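Student: Pasting the sequence and the predicted model now:
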Amino acid sequence: MSEQTIPDSSAASADSQGSQGSAGKQVARNGATAWKTPLMVGLMFGLVLWSHYVSGVRVFRSESVSEPGWEKFRADYQIDYFGEDGQFVRAVQNGYNLVNYTYKYASRFTRKTAADHVHSCASCHTPEDLAYGFVNSDRMDPKLGRRVSFEDRVRWCYANSMGGFVPTIYDPAIRDIRLLARAVAHNLQLSEGAIRGEE
Ligand code: HEC
């Protein structure tokens, strides 16, 4: 029964195409929906303005939030070498936030909260540690018998040291920590495989 209704109705609409009846319907529909376009445009503009100026939601902002200690870190490791602002510097700044305020900036990947004694990468690692880790990464780990990338080490720490979850290697929560480590390694002029105290 229902099989018949569907072909019937589509045949009917195909038949009426181009006829006066359907043209009349078209005009009527336009009249009834004319207000929808300005409403939708208004909603879109409203969303853009709200997200930029009012919401304060972090995902809508391209600049990183300046957390306590960033200016000192920036001066100590001469991050301005890479420019005062720009994608790389912002990524390093996000890396700084991730490492020092992990519970806040990587809350998706850690169960730690501000109330925990150890709640950030910085609880266990200095920026120098990460820089040395960076220049020694992507090489064979004799214990594991395979190559371990910097990203894998960070993922390991998210899972084990932070009691959390494992991000993909492409996640900014990994990538921006890598860029931070790279910037610090550059400042310390570490060569590939440099070992602490052996320069
Ligand atoms: C509770 C302490 C602790 C926390 C918190 C922690 N780590 Fe680690 N991390 C370690 C330990 C211990 C090792 C060394 C493991 C080994 O020797 O195999 C390590 C190793 C690493 C390494 C490999 C290079 C190296 O120094 O051995 C990197 C990179 C790293 N951690 C990054 C991070 C990042 C990024 C975070 C935050 C998301 C973090 N860690 C949080 C304890 C911690």
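Tutor: Alright, I've got the coordinates. What you see is a predicted model, and the numbers here were worked out from it, not measured in a lab. Residues are numbered from 1 along each chain as shown.

Student: what residues go with each domain of this structure?
Tutor: Split into domains by automatic domain parsing, the chain comes to 2-54, 63-187.

Student: For this structure, which residues score under the pLDDT cut-off?
Tutor: Scanning the chain for pLDDT under 70 picks out the ranges 1-31, 62, 199.

Student: Get me the contact residues on the protein for the ligand.
Tutor: 102, 118, 121, 123-125, 129-130, 133, 150, 153-154, 157-158, 161-162, 177 (CB under 6 Å from any ligand atom). Glycine gets a C-beta too; all of them are placed from N, C-alpha and C.

Student: Need the buried ones from these selected in PyMOL.
Tutor: One line in PyMOL is enough to select the buried ones among those; burial here means 16 or more other CB atoms under 10 Å:
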select buried, resi 102+121+123+125+130+133+150+153+154+157+158+161+162+177
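
Student: taking the residues of the chain next to the ligand one by one, which sit in strands?
Tutor: If you go by DSSP state E, the residues of the chain next to the ligand have nothing in strands.

Student: number of nearby residues for the residue lying closest to L190 once chain neighbours are set aside?
Tutor: Closest residue to L190 apart from its sequence neighbours, by CB to CB, 6 or more residues apart in numbering: V135 at 4.7 Å. Neighbourhood size, V135 [other CB atoms under 10 Å]: 19.

Student: give the contact list for V135.
Tutor: By CB atoms under 8 Å, 6 or more residues apart in numbering, V135 lies in contact with A185, L190, S191, E192, G193, A194.

Student: what two of those are the furthest from one another?
Tutor: Pairwise distances across these (CB to CB) peak at 11.4 Å, for the pair A185 and G193.

Student: Would you mind measuring from the residue most central in space within the chain to the ligand?
Tutor: Centroid-nearest residue in the chain, with CA atoms, centre = their mean: P172, separated by 4.6 Å. Computed with CB to the nearest ligand atom, to the nearest Å, the distance linking P172 and the ligand is 13 Å.

Student: isn't that residue right up against N97?
Tutor: No: assessed by CB atoms under 8 Å, P172 is found out of contact with N97, at 10.6 Å.

Student: for this protein, what spans make up the helices?
Tutor: Shown for the chain, the helices assigned by DSSP state H span residues 2-16, 20-33, 36-49, 70-76, 87-100, 102-105, 127-135, 150-159, 172-187.

Student: and those helices as CSV, adding distance to R61?
Tutor: Putting those into CSV (distance: least, CB to CB, whole Å) gives the following:
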stretch, distance to R61
helix 2-16, 48
helix 20-33, 35
helix 36-49, 13
helix 70-76, 15
helix 87-100, 10
helix 102-105, 13
helix 127-135, 24
helix 150-159, 24
helix 172-187, 13
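
Student: Brilliant, that's me finished.
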